[in-house]
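Chemist: A predicted structure for the sequence below; I have some questions about it.
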Amino acid sequence: MRKDSQGKVRLRRANLVLMLLSDMRFLSLIFTWLVMCMAAAAAPFALAPFSVDVTVPIGHGMMGGLWKSKSIADPLYAKGVVILGGEKPVVIVSVDWCEIRNESFDRWREALAKATGTTRERVLVSAIHQHEAPVTDLEAQRILERRGLKGSICDLAFHERAVGRVVGAIKKSLKRPKVFTHVGLGQAKVEKIASNRRYVLPDGKISFGRGSASGRNVLAANAPEGTIDPWLKTISFWNGDQALVSLSTYAVHPMSYYRTGEVSADFPGMARDQRQEETPGCLQVYFSGASGNVTAGKYNSGERKNRAVLASRLHKAMKAAWENTRRRPLKEISFRNAKLRLKPRDHVGFMTRDFEAKLVKDANPWHQCLAAMGLSWRRRCERAQPVDVPVLDLGFAQMLLLPGESYVEYQLAAQKMRPGSFVWVAGYGEGGTGYVPTEKHWEEKDGNLGDWCWVHPGAEKPMRQAIREALVKP
């Protein structure tokens, strides 16, 4: 009897131990679940960075078909990030191309939206605008091909492959999104790069002739910088102390020398690559701000050696903005978009009959390309498709994308609309507009508006209204 009693006691003790162990495993599961819930609540935001080669093949049209690519000086990339945690994902991507216009712009946005489960207006596509790079406009290219013309803007098959590469890179990155908790804000003044195209001659007359390189133009080199935004702004995303992505923007035409046929990301690409080497765990992305009328002309002679000089100055500012960065915990993400309607240009040379007259076989191939792009934009306007002006709002900072070659005055105006906030602006969104000047530039007869501006005078008022509608929280 005693042995049986002792055996029962031992059995009860063993069962009790098993119950306790089972309870501990259960409690451990509960604890793990609670920790995960707390982490999700504390850090509900995530991102998916991506970078992919989109270099054009040899023989591809450059700068809209004015010349062809002959060699690859350095590769072209599409770099960006998918931001998760708002109502829907937001994609921000910078492309080392000259411009992405009309149907081409829509194709990029639709493909990336589908890949990320978001809407088209939430895909912010910005071209850096180097001239040793392609302009893409699918409908314009089809117009040329249907008529059997020599002009060639872009390769339709290559364009689709490039978009497909970006989609593939995004899908791969989305499989392993990275949690982020903080947003960093930093800025630094850029020394001796930007200058406005507009400058005053010794006799008091106004000139708009300061291009990307001053060359032998002593007057352009000696004139004041004029209206610019001297600040490079950087928004970065962090998981605690770990930097994940850095997005920098600066308003200047990104060319040192060009029209050589050497495909290149020019001096911004060099500066960005150097920063990438310095921060291997953090993707460095560069955007050109609203700089339709801002170039490096005052400080750039056009000599090849100047590319490295300008890259060094830009890199210095990017590094300083990084060192000046202050992190803040992110609490909310919101998105707004304004619908901008611009009138197609109705001056002589810009109407449908004028474009049709140049879309003939004996016309200059470059004039054919310009006419096809102009007609593509006009058809877009005629079907009443507005231009999206989107803003990603982080509460204490806003990221705004402006269309085409918007003049720097719009960027400066946007910053004044949100005093006390960090307003980050990228230009070269929907490229179909070409230059978007202010009314003052029309009045002063800005000579740059001769062929690369497809919007009619009167764009300033709706532009400012759209910027305010998108930027200023109701």
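Modeler: Alright, I've got the coordinates. Residues are numbered from 1 along each chain as shown.
Chemist: what's near enough to touch the residue nearest the centre of the chain?
Modeler: If you average the C-alpha coordinates of the chain and look for the closest C-alpha using Cα atoms, centre = their mean, you land on residue 126, 2.9 Å from that point. Contact analysis of residue 126 by Cβ atoms under 8 Å, 6 or more residues apart in numbering lists 92-95, 287-288, 401, 426-429. C-beta coordinates here come from the backbone N, C-alpha and C atoms, glycine included.
Chemist: what about 10 Å?
Modeler: In this structure, residue 126 makes contact with 80, 92-95, 97, 100, 249, 285-289, 401-402, 426-431, judged by Cβ atoms under 10 Å, 6 or more residues apart in numbering.
Chemist: Let me know the helix or strand that it is in.
Modeler: Element membership for residue 126, per DSSP states H and E: strand 123-127.
Chemist: Give the buried residues for that strand.
Modeler: Using 16 or more other Cβ atoms under 10 Å as the test for burial, strand 123-127 gives 123-127.
Chemist: which neighbours does it have in its sheet, and in what orientation?
Modeler: strand 90-95 (parallel) (DSSP bridges).
Chemist: and the helix or strand following the strand it pairs with, which strands flank it?
Modeler: Using DSSP H and E, the helix or strand that follows strand 90-95 in sequence is strand 99-100. Each strand paired with strand 99-100, and its direction, by DSSP bridges: strand 135-136 (parallel).
Chemist: Report the mean confidence score over the strand it pairs with.
Modeler: The average pLDDT for strand 135-136 rounds to 98.
Chemist: Which residues does that strand contact?
Modeler: Residues outside strand 135-136 that contact it (Cβ under 10 Å, 6+ apart): 56, 60-66, 95, 97-105, 107-108, 127, 129, 141, 153-156, 158-159, 162-163, 369, 373, 431.
Chemist: which of the residues you listed count as buried?
Modeler: In these, burial by neighbour count holds for 56, 60-66, 95, 97-105, 107-108, 127, 129, 141, 153-155, 158-159, 162-163, 369, 373, 431, counting by 16+ other Cβ under 10 Å.
Chemist: pretty sure residue 251 is in contact with residue 424, am I right?
Modeler: No - the pair formed by residue 251 and residue 424 falls short of the contact definition of Cβ atoms under 10 Å, at 11.3 Å.
Chemist: Residue 144: neighbour count?
Modeler: Other residues within reach of residue 144, judged by other Cβ atoms under 10 Å, total 23.
Chemist: for the one 4 residues further on, same thing?
Modeler: When neighbours are counted by other Cβ under 10 Å, residue 148 registers 7.
Chemist: Contact partners for it?
Modeler: Residue 148 touches residue 361, counting by Cβ under 10 Å, 6+ apart.
Chemist: before we move on, back to that, alpha carbons of the strand holding residue 126, as PDB, please.
Modeler: This file holds the C-alpha atoms of strand 123-127, laid out as PDB (Å, rounded to 0.1, in the frame of the first residue of the first chain):
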ATOM      1  CA  VAL A 123       3.300  57.100 -57.300                       C
ATOM      2  CA  LEU A 124       5.700  60.100 -57.300                       C
ATOM      3  CA  VAL A 125       7.900  59.700 -60.400                       C
ATOM      4  CA  SER A 126      10.600  62.300 -60.900                       C
ATOM      5  CA  ALA A 127      13.300  62.500 -63.600                       C
END
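Chemist: any idea of the mean pLDDT for it?
Modeler: Mean predicted lDDT for strand 123-127 stands at 98.
Chemist: swap in stretch 222-239?
Modeler: Within the predicted structure, the mean pLDDT of stretch 222-239 is 98.
Chemist: now swap in stretch 406-416 and tell me
Modeler: Regarding stretch 406-416, the rounded mean pLDDT is 98.
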